[in-house]
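Asker: Quick one, what's the 3D model for this:
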Amino acid sequence: MEIRKLEVFCKVVELKSFTRAAEAVYLSQPTVSEHIRSLEQELDQKLLDRLGQEVAPTPVGRLLYKYAAKILRMQHEALQAVEQYGGKLVGRIKVGCGTIPGTYILPGLIGTFRKQHPSIKATLSISSSRIIAGQVIDGALDLGVVGAKWNEHGLSWTETFSDQLTLVVHPDHPWAVKKSVSLEQLVTQPFIIRESGSGTRKVFAQILGAGGLRESDLQEVAEIGSSAAVKEAVKSGIGVSILSGCAVSDDVDCGRLATVQVKGVQLERPFYLIRRKNRELSPVAAVFYDYLLKEAERGTQ
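Answerer: Next comes the predicted model:
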């Protein structure tokens with residue numbers, strides 16, 4: 001099997017489209033179709049199904065994709081290693097983050113890193129902690145920075161940066177003028193929660209548990225999938241919520257939101273740098289991994 005055909009096949013699977021895959025690999029759509037037809041003929045297996053406007057892998061196609069992705073990753077790592085041997089650091093790092101580190105922490109760090117290594121490119125994906133962890137395990141991402149930790153034996157977790165969570169209310173809410181409220185008072189208010197898999201939600205559930213409460217005790221009025229959307233919901237007076245201090249600082253300064261302390265509760269949470277156990281990082285990813293650890297250590301001094 002030719003590497004180029006595997007690359008085209010993987011891109012069709014990932015983008016679910018011959019047209020989008022053709023654009024991504026700089027080929028015409030007929031050429032992409034011919035690569036897939038040739039690969040299917042070589043293996044004597046149907047690899048892709050056309051489902052309306054989208055393309056999906058068959059069961060054997062999913063099996064091939066798993067191995068093809070590994071082959072392409074190893075090829076990429078081999079080229080990086082040769083470049084590094086010649087004194088160059090060239091390649092792409094793929095990092096996944098939760099909303100807060102992906103929005104407020106990693107972009108600046110990547111920018112600084114690229115000033116030191118301008119030949120390195122970065123792909124930054126933002127999703128829920130669970131999805132990011134799964135993609136690191138699968139090899140789709142080199143590294144992840146997530147806001148929660150759980151029992152996942154396939155990953156190595158290193159506590160790095162931190163974030164201060166805060167109770168956020170509408171500026172006209174009666175609590176806006178209070179210095180603090182209790183955790184028990186919090187569960188009496190209409191509450192906006194983040195989506196399942198969110199690091200913020202997982203950490204807050206742990207805080208509730210430590211206080212003898214459960215998520216089910218909250219007066220939930222909405223479940224929303226991003227910090228930005230939760231902010232807008234609080235501004236609209238739908239309810240109160242727990243959000244990152246980084247995410248709300250501008251709105252608080254402008255008087256569009258107000259924050260309130262929660263008595264006796266530590267709302268600081270760590271972020272974890274994750275990588276897959278027993279898998280050697282590519283030269284570029286290894287350098288970036290060490291860079292993140294040093295920056296995190298510097299930030300705690």
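Asker: Show me the shaky parts of the chain.
Answerer: With pLDDT under 70 as the threshold, the chain has low-confidence stretches at 80, 83-89, 300-301.
Asker: can you list the domains in it?
Answerer: As recorded under automatic domain parsing, the domains making up the chain are 3-72, 84-160+270-300, 163-268.
Asker: out of those, nearest to Ala78?
Answerer: When these are compared for distance to Ala78 using C-beta to C-beta, the nearest one is domain 84-160+270-300, at 9.3 Å. The C-beta positions use only the backbone N, C-alpha and C, and glycine is treated the same way.
Asker: any idea how far the residue lying closest to Tyr104 once chain neighbours are set aside is from Trp157?
Answerer: Nearest in space to Tyr104, with sequence neighbours left out and distances taken as C-beta to C-beta, 6 or more residues apart in numbering, is Cys246 at 4.3 Å. Using C-beta to C-beta, to the nearest Å, Cys246 is found at 21 Å from Trp157.
Asker: Which residue, other than its chain neighbours, is closest to His170?
Answerer: What sits nearest to His170 in space, not counting adjacent residues and going by C-beta to C-beta, 6+ apart, is Gly237, at 5.1 Å.
Asker: So that neighbour: helix, strand or coil?
Answerer: At Gly237, secondary structure determined by DSSP: H, G, I helix; E, B strand; the rest coil is coil.
Asker: ok so, going back, make JSON lines from the domains of the chain and add distance to Ala78 and mean neighbour count to it.
Answerer: Formatted as JSON lines, the entries for these read as follows, by distance: least, C-beta to C-beta, whole Å; neighbours: other C-beta atoms under 10 Å:
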{"stretch": "domain 3-72", "distance to Ala78": "11", "mean neighbour count": "16"}
{"stretch": "domain 84-160+270-300", "distance to Ala78": "9", "mean neighbour count": "18"}
{"stretch": "domain 163-268", "distance to Ala78": "34", "mean neighbour count": "17"}
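Asker: quick revisit: quick check: phi and psi on the residue nearest to Tyr104?
Answerer: Reported as degrees, to the nearest 10, the phi and psi values for Cys246 are phi -60, psi -40.
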